[in-house]
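Enquirer: sequence plus the predicted model coming up.
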Amino acid sequence: MNKEIKFSLLYRDMWQSSGKYVPKVEQLEKVAPAIIDMGCFDRVETNGGGFEQINLLFGENPNIANRRWTQPFNDAGIQTHMLERALNGIRMSPVPADVRKLMFKVKKLQGTDIARSFCGLNDPRNLENSIKFAKEGGMISQAALSLTISEVHTVEYYTNLAHTLIEMGADEICVKDMAGIGRPAFIGKIIKNIKSAHPKTTVQYHGHSGPGFSMASILEAARAGVDYVDVAMEPLSWGTGHADVLAVQGMLKDAGFAVKEVNMKAYMEVRAMTQEFIDDFLGYYINPKNRHMNSLLIGSGLPGGMMGSLMADLGNNLESLNKWLTKRNKPTLSQDDLLIKLFEEVEYIWPKLGYPPLVTPFSQYVKNLALMNVLQVIKGRERWSMIADNIWDMIIGKSGKLPGELAPEIKELAKEKGKAFFTGVPQEQYPDNLDVFRKEMDDNGWDYGQDDEELFELAMHPEQYRAYKSGKAKADFEADLAEKKAAKDPKLQKVEVPAGAFEPKSMVIDVNGEKFKVGVSYNDIVAAGSNGNGAGNQAAKVEAAPAANRNVAAEVIAPLEGKFMLTKDTSEKALKVGDTVKEGDLICYIESMKTYNAVVAENDGTVLGILKANGDNVDEDDVLVQLA
């Protein structure tokens with residue numbers, strides 16, 4: 001009997017490999033029956049990754065979406081799976097153990113069967129709790145090997161990693177080729193080694209089509225004994241996404257494998273509905289270049305899953321850079337110019353950073369640092385002069401053990417900056433803190449939700465959850481969408497953001513005899529509130545007195561464009577008017593491209609004015625804080 005190979009539809013990752021958003025719950029419910037009718041899928045990826053955060057960003061409740069979206073597949077006997085990031089859960093930063101544990105319980109009760117867990121550094125210590133918590137929560141634990149190509153990432157390296165994860169209790173292994181740069185023979189050898197040593201362990205292959213290897217890689221995986229293959233479908237297959245189920249099914253059938261037939265009538269229904277969702281609003285957030293394959297990705301190794309955000313970041317930074325160049329009568333750059341410079345810089349710095357696998361969040365970290373280096377060098381400044389705190393945490397071991405050795409220049413830079421290297425278990429740095437969020441829920445009179453799912457959502461995505469609860473997230477999304485539609489159709493008028501639950505208020509305060517007007521706005525701000533109990537969802541914006549009445553000695557300037565943040569977590573105390581600061585003291589952060597860039601004082605002084613509110617978008621060279 002020919003070996004059977006089963007398919008999993010990546011209906012979540014299809015969208016996130018192409019653009020920013022995913023369909024809303026009503027759209028997901030609409031397409032689910034047709035996906036089931038296709039008759040060829042044994043699994044569907046429904047959530048995880050950025051799914052929950054994205055729902056909050058457009059003002060929807062991800063818990064409702066998860067339950068209603070997974071239910072049809074549960075009823076049809078099709079397994080559902082999610083993607084989670086080990087130490088980082090389903091966000092970009094580390095998560096306390098009690099929040100991670102609650103996540104698996106909640107997701108299982110919402111209808112998700114399988115937890116695909118990966119560590120961006122392939123550190124088994126970060127995956128150990130994922131395996132344990134998933135199984136305790138009643139889920140199937142699928143531990144992933146984050147695949148990349150380097151002198152340290154060998155067949156033996158991945159074979160041994162798989163052995164370790166299976167010994168830890170993983171039920172399944174996913175060979176996660178998130179950038180699609182895994183060479184076909186390389187992938188086949190890894191899978192063959194795993195199946196030879198652990199014939200009863202299910203192995204699933206996940207690959208992206210961007211660089212061009214994917215069909216050959218899938219065939220090699222099949223010949224090596226893989227059990228499941230992740231696929232996509234038109235109109236979101238190929239490009240930075242994944243191979244289309246029709247092509248994969250045809251190839252494997254011809255090669256002698258047992259594969260399910262595809263109901264083409266249902267395929268066309270799903271295809272049409274997906275296009276309908278694109279035309280409705282999702283297409284405004286899909287860069288057309290992400291629909292093309294690009295072998296330039298082989299060199300940089302950047303994953304398909306981040307290409308949507310990469311192109312958006314590139315566009316934002318290009319606009320800011322070209323403004324800077326124009327002011328100085330220098331020639332501007334095109335997006336392709338900047339993209340090639342970025343790819344070349346990624347190739348240059350990646351070995352120096354110890355070869356972190358280029359998967360979330362470390363692909364973003366490497367990309368962000370490369371882009372910062374490119375921008376700084378163009379402006380005549382030093383390479384490595386802007387390294388965000390998140391990136392430093394990766395460099396010094398707080399996120400886990402790097403696969404390779406840091407370059408001497410990076411070690412020396414860490415020494416100059418007073419950065420101490422961490423060698424302990426990463427989770428130990430992030431103590432349990434669900435009680436902090438319970439108090440916030442209680443103080444606000446918010447319901448914990450079915451199976452504590454609302455408590456979980458606040459603890460996992462505090463900034464976005466608060467903005468969702470206030471109504472700000474939905475208003476911001478609708479205003480942004482209206483602006484994008486107006487840009488494509490001049491006849492459409494820009495929709496004004498409605499006033500309401502987050503309407504600003506103001507008051508006057510006295511600081512050392514001087515009066516300041518303070519506006520309070522409800523913004524998407526610090527991760528756990530500036531005071532740690534939820535009061536952080538109000539952010540003060542101070543308007544300084546007229547220049548004639550002020551004695552400004554120095555100004556703190558934004559070093560790059562992004563979002564102004566006074567703090568990044570509950571361990572920090574927010575700067576306020578009247579505080580005394582010394583040269584080198586932390587003033588605030590600019591959150592850009594999902595990383596926090598610290599801004600420090602270049603002079604001693606007393607804070608005279610804070611000119612931006614938490615969450616405000618700022619441009620490079622904007623004045624953030626005035627010192628007397």
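Expert: In hand now; what should we look at? Numbering: from 1, shown residues only.
Enquirer: CA atoms of stretch 457-476 as PDB?
Expert: Presented in PDB, the C-alpha positions along stretch 457-476 are these (Å, rounded to 0.1, in the frame of the first residue of the first chain):
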ATOM      1  CA  GLU A 457      -6.100  38.100  26.300                       C
ATOM      2  CA  LEU A 458      -5.400  41.100  28.500                       C
ATOM      3  CA  ALA A 459      -2.300  39.400  30.000                       C
ATOM      4  CA  MET A 460      -1.000  38.300  26.600                       C
ATOM      5  CA  HIS A 461      -1.700  41.600  24.600                       C
ATOM      6  CA  PRO A 462      -2.300  44.300  27.200                       C
ATOM      7  CA  GLU A 463      -1.800  47.300  25.000                       C
ATOM      8  CA  GLN A 464      -4.000  46.000  22.200                       C
ATOM      9  CA  TYR A 465      -6.700  44.700  24.600                       C
ATOM     10  CA  ARG A 466      -7.000  48.000  26.400                       C
ATOM     11  CA  ALA A 467      -7.400  49.800  23.000                       C
ATOM     12  CA  TYR A 468     -10.000  47.300  22.000                       C
ATOM     13  CA  LYS A 469     -12.000  47.700  25.200                       C
ATOM     14  CA  SER A 470     -11.900  51.500  24.900                       C
ATOM     15  CA  GLY A 471     -13.100  51.500  21.300                       C
ATOM     16  CA  LYS A 472      -9.900  53.200  20.100                       C
ATOM     17  CA  ALA A 473      -8.700  50.200  18.200                       C
ATOM     18  CA  LYS A 474     -11.800  50.000  16.100                       C
ATOM     19  CA  ALA A 475     -11.900  53.700  15.400                       C
ATOM     20  CA  ASP A 476      -8.200  53.800  14.500                       C
END
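Enquirer: tell me the buried residues in that stretch?
Expert: Neighbour-count burial for stretch 457-476 flags 457-470, 472-476 (criterion: 16 or more other Cβ atoms under 10 Å). (C-beta placed from N, C-alpha, C; glycine too.)
Enquirer: check stretch 575-583 too.
Expert: Within stretch 575-583, the residues that qualify as buried are 575, 577, 579, 581, counting by 16+ other Cβ under 10 Å.
Enquirer: in the stretch 201-350 of the chain, where is pLDDT below threshold?
Expert: 300, 302-309, 311-312 (pLDDT under 70).
Enquirer: what is the neighbour count of the nearest residue to G39 once chain neighbours are set aside?
Expert: The shortest distance from G39 to any non-neighbouring residue, by Cβ to Cβ, 6 or more residues apart in numbering, is to N263 (4.7 Å). Residues near N263, counting by other Cβ atoms under 10 Å, number 16.
Enquirer: N126 and K327, how far apart?
Expert: 45 Å (Cβ to Cβ, to the nearest Å).
Enquirer: pLDDT of stretch 433-446, averaged?
Expert: For stretch 433-446, mean pLDDT rounds to 96.
Enquirer: and it, how far from the chain's centre?
Expert: Distance, stretch centre to chain centre, for stretch 433-446: 25 Å (Cα atoms, centre = their mean, to the nearest Å).
Enquirer: go on, stretch 412-424?
Expert: Computed by Cα atoms, centre = their mean, the chain-centroid distance of stretch 412-424 equals 26 Å.
Enquirer: send the alpha carbons of it over as PDB?
Expert: Backbone C-alpha positions of stretch 412-424 (Å, rounded to 0.1, in the frame of the first residue of the first chain) are rendered in PDB as follows:
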ATOM      1  CA  GLU A 412      33.200  44.500  22.700                       C
ATOM      2  CA  LEU A 413      30.200  46.700  22.000                       C
ATOM      3  CA  ALA A 414      28.200  44.900  24.700                       C
ATOM      4  CA  LYS A 415      31.100  45.500  27.200                       C
ATOM      5  CA  GLU A 416      31.200  49.200  26.300                       C
ATOM      6  CA  LYS A 417      27.400  49.400  26.900                       C
ATOM      7  CA  GLY A 418      27.700  47.700  30.200                       C
ATOM      8  CA  LYS A 419      25.600  44.700  29.000                       C
ATOM      9  CA  ALA A 420      26.000  41.600  31.200                       C
ATOM     10  CA  PHE A 421      25.600  38.300  29.500                       C
ATOM     11  CA  PHE A 422      22.800  36.000  30.800                       C
ATOM     12  CA  THR A 423      23.400  32.200  30.900                       C
ATOM     13  CA  GLY A 424      20.400  31.000  33.000                       C
END
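Enquirer: so where's the stretch 1-150 of the chain uncertain?
Expert: Scanning the stretch 1-150 of the chain for pLDDT under 70 picks out 1.
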